[in-house]
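> What follows is a predicted protein model with its sequence.
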Amino acid sequence: MKPIDIWLLIYPGFVLLDATGPAQVFASANDEARDAGLPEPYRIRMTAPGGGLVASTAGVSVMAEPLPRSGRALAG
């Protein structure tokens with residue numbers, strides 16, 4: 001089974017918990033699957049216009065992938 005891509009959009013000045021909270025939910029689901037001997041069901045992807053390091057309001061920067069090109073399905 002191919003993992004489901006979870007795309008989390010971040011932008012300069014984002015609230016850190018708004019990105020890391022949802023990311024942790026899917027990471028914990030991956031941990032549970034792995035512990036049960038199953039493949040990880042999710043691939044977590046941070047994305048932002050232009051990609052690269054994006055600073056949060058807390059001053060912590062997160063590395064993001066560039067937004068997919070227009071017309072590309074995000075579920076791929």
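That came through fine. All values derive from a computational prediction rather than experimental measurement.

> bridging residues for the most centrally placed residue in the chain?
Centroid-nearest residue in the chain: Arg45, 3.1 Å away (criterion: CA atoms, centre = their mean). Judged by DSSP bridges, the bridge partners of Arg45 are Trp7.

> What separation do you get for it and Ala36?
23 Å (CB to CB, to the nearest Å). Where you see a C-beta, it was placed from the backbone N, CA and C, and this is true even at glycine.

> for Leu8, same thing?
Distance, Leu8 to Ala36, using CB to CB: 25 Å.

> The two - which one has more neighbours?
Leu8 (19 against 7; other CB atoms under 10 Å).

> Double-check the more buried one against Ile44; I have them as touching.
Yes: contact criterion CB atoms under 8 Å: Leu8 and Ile44 qualify, at 6.9 Å.

> any shared contact partners between those two?
By the contact definition CB atoms under 8 Å, 6 or more residues apart in numbering, Leu8 and Ile44 are jointly contacted by Ala23.

> still on that earlier bit, Gly59 versus the residue nearest to the centre of the chain, what's the distance?
Taking CB to CB, one finds Arg45 at 23 Å from Gly59.

> before we move on, what about Pro3?
Taken as CB to CB, the span from Pro3 to Gly59 is 31 Å.

> Look at those two and report which has more neighbours.
Shown here are Pro3 and Gly59; by other CB under 10 Å, Pro3 has more neighbours (14 against 7).

> count of neighbours near the spatially closest residue to Pro66 that is not a sequence neighbour?
Leaving aside its chain neighbours, Pro66 sits nearest to Gly51 (3.5 Å; criterion: CB to CB, 6 or more residues apart in numbering). Neighbour count for Gly51, taken as other CB under 10 Å: 13.

> ok, now which ones touch Gly51?
Residues near Gly51 by CB under 8 Å, 6+ apart: Ala64, Glu65, Pro66, Leu67.

> so which of those residues is the most crowded?
Ala64 (22 neighbours).

> May I have the phi/psi pair for that one?
Taking degrees, to the nearest 10, you get phi -120, psi 150 for the backbone angles of Ala64.
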